[in-house]
Each structure stands twice: as C-alpha cells, then as structure tokens.
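> Model the following, please.
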Amino acid sequence: MPPQAPHWWSSPPNDADLDYGFDSDDGDRFNPDPQRQNPDTEDKGVRGNMATWLQRQVGSQPTQLITTAVLSGAAVAGAIFGYQAFRRKEAVHDLKASIPEIDERHHAEKLTQFGAAASDVQLSKEDERSTALARRAQQGDYDDDLVLEQLARNRVFLTDEGLARLRSSFIVVVGCGGVGSHAAAALARSGVSKIRLIDFDQVTLSSLNRHAVATLADVGTPKVHCIRRRLEQIAPWVMFDCRNELFGKSVAETLLGPWTLTHDGEGHRPDYVLDCIDNIASKVDLLYYCHTNSLPVISSMGAGCKSDPTRIAVGDISRSTDDPLSRSTRRRLKAMGVSSGVAAVFSTEKPGPGKASLLPLPENEYAKGQVGELGVLPDFRVRILPVLGTMPAVFGYTVANHVICSVTGYPIEYSMSTKGRDKVYDGIIAFIQNLYERLVRQVAGQDPIGLRLPVTKDDIAFLVEDVWRGKSAVSGLGNRLVLVPWQVPPTGFRLNLALEKEGQKTAALELDQLVCMTKEEAARHEREVLRDGKNVSEIYDAAVLQRVDMRKKEARAYEQYR
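Numbers count the residues shown, from 1 in each chain. The predicted structure is shown next:
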C-alpha cells in the first residue's frame, strides 16, 4: 500500500508553531524562547500561526455544519419575509381596488389636520327627511303650540317666564364626548334654542359606551355633527352652530364669540359656557378666558374611575377634591392668578382597593419614544382611562341642570354630600355638648356631669346640610361650622333632673332652635346673647334675622318627613 499522507494534526510543527503557538486548552499565547528579542520575526510568527489556525478551523467538519445551518436559516427567513412582504403588497392592492371611484353615489372629503372627517357624512334617507324638517322648523315653519306641548313639563316647573328665558338663551358646549353629549341633549330637550358645539374629535367604537346619542352609523363622523343630526330628530327647532375645531387660547375669542349663525339673536353673547373637556391644557385655557372675560362657566371634572353617583357635588373649583384632573386644573389656574370663582361639578369619591385606576404606561410604549410624543395631539393622554358608562351621563346632566336653573332664575342652593363627613358631625356634637356643659355650670350653677343631649349624628347632618345648606346663617361661609342655640330657651339652661336617679341629666334642646355659624361667630353669639342676654335684633341685621326665621320654619316643616 502506498504510504498515506499524514493528518494535519500529526504534521511536524513549522518554525512559526515553535516560535509562537497556541495552548490546546485555553488558546493563550506562549513563547518557548523568551530570550528572543527580534520583533519582526515575532510578528511574522503570529500572523503565520493565526493563518494556519484559521485554515484548520475552516476545514473542520463542525464548522462546516454550523456554516451550513446558518446559511439555511438565513435562506428560510428571507423566504418567509419575502412571502409576507408579497402578501402585504397584495392586501394593499386589494384594499385600494375595493375603494370605489368618487362620484355622486360615493362622496369624499379631505380629512382635518387632526385626522377626522372634515364635515358631515352622506345622510341616510331617514336622516335626510329629519334634516329637511329641522331646516323648515328653524325657519319658523313649525307651530309654536307644538313646541310648548313638547316642553309642557318644563313649562309648569320653570313657569312661562323662566321657559321664555331658556328658549331665548345661547349656550356653548365645549367637548362633545360622554359628558358634553348628555349635557347638550338635556339642554335641547329642555328648550334651549341656540347651542354651539365645539369639538375636533370623531365618534369611535369606544365612544358608544358613554355617548348620549351616537350609533354605529356615526362611527368615524365628527362628534359635533353627530349630536346635531340626532338631536334635530328630537327638537327640530333647535339651531346648532357646529365647530369641528380644537379649542385653544389662540381661537378662544372666535369660538366663544357672539351668536352669528342667524339674524335672530345675532350678536348675543353666550349666556353660559359648559366645559366638558378632558384635556388639561384646553380646559385651563377655556376656564381662564371665561373668568377674565366675565362669561358664566361651569366645569366638569373627571368622571373616570368614579362609580358612586351620590358623591357628585356642585361647588367652587377650590372645593373639588379626590380627582387628578381637578387638582391639575386648580394648580395651573392658580399659577395664572385664578384660585376661585369658577363653578365645577366634581366627585368626592375616594380611590380604594379593588376600584378602577389609571394603569401605568406599558414598557413597549415607552420604547417608542418620549411619552409626550405618543399622544394624538400634544398634551393629550396616551393611556385609556377606565370609565363606567353611567358616570359621564350623571356629570353631564348635573352640568346641564345647573345651567338650566341659573339661566331661568330658579333658586338653587347646593350642599356638599353628607357622606364622608362623619368627623365633621362628631365635632359639632362635641361642640354642642361642651357649650351646654359650660352654660349649665356657669349660668345655671348646676353640675353638668352626666348631661346627655337629645341629638344624633343624623340630626346634625339634617340641620347642616338640608336646613342651612352647609353655610353660616350670618356670613354665608362654609368653613369651621358649628350649631348654637339662637336664643336662650324659655326654661333657661337649667337641667331636667327627672332622669337623675338613672344617672342621666338632660337639658332643653329643640333642633329648630339650633343655628349654623362659624366657630368665631358662635363664640361671639355665646358671649353676647346666651350669657349677657342681649336680644338677637341688637346683634344682627334684618337680612340675617329674616334668613334665620325662614330656615327655622323650614326645619319644622321638614321634620314631619324625617
């Protein structure tokens, strides 16, 4: 047999291998002759050794298998991606082919700068008939007796004079989503004849869980035109001035300017502005403009993550709590010099275990770029806020109710919800107890130990909230409130000792004689009336005396229904 060529691993080492080789275990270089000092020779040895090592590795069977696998995977991936790209191209082609040519049957318009439909969509036959009827009604071709018949319940409630004021009013609704749509619907149904709707957005599928009038057919259409189209089918005589625009300070003067749609009422400034915006920047711009230009405005705070309709309150924005939207709005307005004087609808419901909350932004959203760049528009939220569909409706109707009563002159006096005020009522009971103990000891000269007053927490809530509307009878303030006897009882402050044998003592206390004051006013009243015996007419003016007398009568009338 001819001699076989030796394998590469059995070949004798060459000079380069002897000079600079590689350790078989860890690949570290070693120098068998550390005394050598010729750098050129050493460099040639390294290059030759590296080239030999690479040749040996390339020729090995494992390396060839790995290379084949990598190339095969790349080929398969390229085929998959190429097929997907081809399918996408086909899908886009089919989609474009399915779009009909624009003609009389297929109408199209350019989108707005916000990506929404620029104006109304093609109407159905039913909508066309309703729109034609509305145009005739708005031009006067509608019997006024029919209007009054439709508004009959409002008419007997508000009186003819009040309804006439409402029908001639001009109301602006800014924000036509869940809150604004319900508010606009209530205003139109109640008799308001001139309504301006302002919103840049369009109806989406997710809008339908809380929007007052939108249907599936309205998805993709501007919210302002959706509301107009639907409400004209209910109250065809109402004129809607639709502004498919984003509210901001640069356009505030135009959007909140006088009525211009018809000659009837032309030049009429808004009687009321409804803030139903959920974007803080636009909200602050609107409230600041109205406040500085003396336009009556009421603002709806956040309905998201709320579920208790009994906690909704109406009051000055400075009293709104437990709501991130309200807090941010107050802070920005305060920085602009407005800390009060803006009416607001807000919820006092507090967050708690198991309740909905705003979820953190997912990491994959952060990876897309700066959070501020993820919204549809600057300063717009990028997360979906949990909303129970009923709550925006409650907020919207509360806002509309305030406007209707204010415009017609119907008396309204709000009080904060009694829920969550147990500590306040406990403090008032303790104040009355201490007051009577002092008067019994110092005025009547008796021992007050064991004194029990016939008053409960429910009694205090009834008096403070229902009778006195959460305000002082003297100054109208709503802070640091207490209840004090208006006058010295006929029997004085002497104890009733009938129950003394049972270890209890009582004093004369009639609920309708307790009057709401601040602590400072109560201290003066105790000193001058209850101790010195002055007549209340010597201390208070006629307006206070009349108010107290009226509320005491109300307390006696209400008592029979408790």
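
> tell me which residues of stretch 448-455 are tucked away?
Using 16 or more other CB atoms under 10 Å as the test for burial, stretch 448-455 gives Pro448, Leu451, Leu453, Val455. All C-beta atoms are positioned from the backbone trio N, CA, C, and that covers glycine.

> now, which of these sits nearest Asn279?
Val455 (47.7 Å; CB to CB).

> Assess the claim that the closest one and Glu510 are in contact.
No - contact criterion CB atoms under 8 Å: Val455 and Glu510 do not qualify, at 10.2 Å.

> Leu295 belongs to a helix?
No - per DSSP: H, G, I helix; E, B strand; the rest coil, Leu295 lies outside any helix segment and is coil.

> Backbone dihedrals for it, please?
phi -100, psi 120 (degrees, to the nearest 10).

> Pull the contacting residues for it.
Leu256, Arg269, Pro270, Val273, Tyr289 (CB atoms under 8 Å, 6 or more residues apart in numbering).

> Quick check: bridge partners of the fourth one?
Here Val273 sits in beta bridges with Val172, Val297, as judged by DSSP bridges.

> so how many other residues sit close to it?
24 (other CB atoms under 10 Å).

> for it, what are its contacts?
By CB under 8 Å, 6+ apart, the neighbours of Val273 are Ile171, Val172, Val174, Leu256, Leu286, Cys290, Leu295, Pro296, Val297, Ile298.

> By average pLDDT, which secondary structure element in the chain comes out worst?
strand 21-22 (a mean of 36; mean pLDDT, DSSP states H and E).

> before we move on, back to that, now rank the contacts of Val273 by neighbours and give me the top one.
Leu286 (29 neighbours).

> Check which helices and strands whichever strand or helix holds Val179 sits against.
Val179 is part of helix 178-190, with elements assigned from DSSP states H and E. Counting contacts by 3 or more CB pairs under 8 Å, 6 or more residues apart in numbering; DSSP states H and E, helix 178-190 packs against strand 170-174, strand 194-198, helix 223-231, helix 390-408.

> Tell me the one of the contacts of Val273 nearest Leu205?
Val174 (23.7 Å).

> Return the set of residues that bridge with the residue nearest to that closest one when sequence neighbours are not counted.
Spatially, and ignoring its direct neighbours in sequence, Val174 is nearest to Ile198 (4.6 Å; CB to CB, 6 or more residues apart in numbering). Counting by DSSP bridges, Ile198 forms beta bridges with Val174, Arg243.

> start the count at 410, not 1, going forward
Sure, I'll start counting at 410 from here, so that last one is Ile607.

> Val581 is in contact with Ile607, correct?
Yes - the criterion here is CB under 8 Å, and Ile607 meets it with Val581 at 6.8 Å.

> joint contacts of those two?
Leu664.

> re earlier: could you identify the most distant pair in the contacts of Leu704?
It's Arg678 and Tyr698 that sit farthest apart of those, by CB to CB, at 12.9 Å.

> So these two - more neighbours on which side?
Tyr698 (19 against 14).

> quick one: terminal-to-terminal distance for stretch 924-943?
16 Å (CA to CA, to the nearest Å).

> residues making contact with that stretch?
840, 844, 848, 851-852, 872-873, 876-877, 880-884, 886, 888-897, 902, 944-945, 948, 957, 960-961.

> And it, what's buried?
Val924, Cys925, Met926, Thr927, Glu930, Ala931, His934, Glu935, Val938, Leu939.

> Next, give phi and psi for the second one.
When quoted as degrees, to the nearest 10, the phi and psi of Cys925 stand at phi -90, psi 130.

> how about the nearest residue to it, chain neighbours excluded?
That would be Trp877: by CB to CB, 6+ apart, it lies 3.7 Å from Cys925.

> Could you do the first one as well?
Leaving aside its chain neighbours, Val924 sits nearest to Trp895 (4.6 Å; criterion: CB to CB, 6+ apart).

> which ones are touching the residue most central in space within the chain?
Centroid-nearest residue in the chain, with CA atoms, centre = their mean: Gly711, separated by 2.0 Å. Gly711 makes contacts with Asp687, Asp732, Pro733, Leu734, Ser735, Phe755, Ser756, as judged by CB under 8 Å, 6+ apart.

> Kindly report the same for Arg652.
Arg605, Leu606, Ile607, Asp608, Val633, Leu664.

> Grab the longest helix from the chain for me.
Ranked by number of residues, the top helix in the chain under DSSP state H is helix 470-507.

> Quick check: next helix or strand after that helix?
Taking DSSP H and E as the definition, the helix or strand right after helix 470-507 is helix 534-547.

> roughly how far is the helix or strand just after that next one from the heart of the chain?
Next along the chain after helix 534-547, taking DSSP H and E as the criterion, comes helix 553-559. In terms of CA atoms, centre = their mean, to the nearest Å, the centre of helix 553-559 is found 37 Å from the chain centre.

> what's next to helix 553-559, contact-wise?
Arg564, Ala644, Trp646.

> Check stretch 817-824 too.
567, 571-572, 574-575, 722-724, 811, 813-815, 873-875, 878-879.

> Any of those buried? List them.
Of the contacts of stretch 817-824, these count as buried by 16+ other CB under 10 Å: 567, 571-572, 574-575, 722-724, 811, 813, 815, 873-875, 878-879.

> so where is the stretch 510-659 of the chain shaky, pLDDT-wise?
513-531 (pLDDT under 70).

> swap the cut-off to 90 and go again
510-553, 615, 626, 629 (pLDDT under 90).

> Any idea how many residues pack against Cys585?
32.

> contacting residues for it?
So Cys585 contacts Ala593, Leu606, Ile607, Asp608, Asp610, Lys632, Val633, Cys635, Ile636, Cys685 (CB under 8 Å, 6+ apart).

> how about the fourth one, what does it touch?
The reference is to Asp608. Asp608 neighbours (CB under 8 Å, 6+ apart): Val583, Gly584, Cys585, Gly586, Gly589, Pro631, Lys632, Val633, Arg652, Asn653, Glu654.

> Would you confirm that the first one contacts Tyr681?
No - Val583 lies out of contact with Tyr681 (CB under 8 Å); the separation is 11.3 Å.

> For Leu742, state which of the contacts of Asp608 is nearest.
Closest to Leu742, out of all of those and judged by CB to CB, is Val583, at 16.0 Å.

> any idea how far the closest one lies from Pro509?
37 Å (CB to CB, to the nearest Å).

> Likewise for Pro679?
43 Å.

> now Leu848
The value you get for Leu848 to Pro509, if CB to CB is used, is 88 Å.

> With Arg847 instead?
87 Å.

> Repeat that for Ile689.
42 Å.

> Between these two, which is the more surrounded one?
Ile689 (17 against 9).

> quick one: that one and Thr738 touch, right?
Yes - the pair Ile689 and Thr738 qualifies as a contact (CB under 8 Å) at a distance of 6.2 Å.

> Now name the helix or strand holding Gly724.
Using DSSP H and E, Gly724 falls in strand 721-725.

> contacts for that strand?
Taking CB under 8 Å, 6+ apart as the rule, strand 721-725 contacts 707, 728, 749-757, 803-804, 807, 811, 823, 825-826.

> what's the answer for stretch 662-679, then?
Under CB under 8 Å, 6+ apart, the answer for stretch 662-679 is 547, 577, 579-581, 583, 603, 605, 607, 648, 650, 652, 654, 656, 682, 695, 698-699, 702, 704-705.

> change it to 10 Å
Outside stretch 662-679, the residues that touch it by CB atoms under 10 Å, 6 or more residues apart in numbering are 547-549, 577-581, 583, 602-603, 605, 607, 648-652, 654-657, 660, 682, 695, 698-699, 702-706.

> mind checking how far the residue nearest to Val647 when sequence neighbours are not counted is from Arg933?
Spatial nearest neighbour of Val647, chain neighbours left out: Ala597 (4.8 Å); criterion: CB to CB, 6+ apart. Counting by CB to CB, the separation of Ala597 from Arg933 is 51 Å.

> What helices and strands are in contact with the helix or strand where Arg736 lies?
Assigned by DSSP H and E, Arg736 belongs to helix 733-744. Secondary-structure packing of helix 733-744 (3 or more CB pairs under 10 Å, 6 or more residues apart in numbering; DSSP states H and E): helix 689-701, strand 706-709, strand 752-756.
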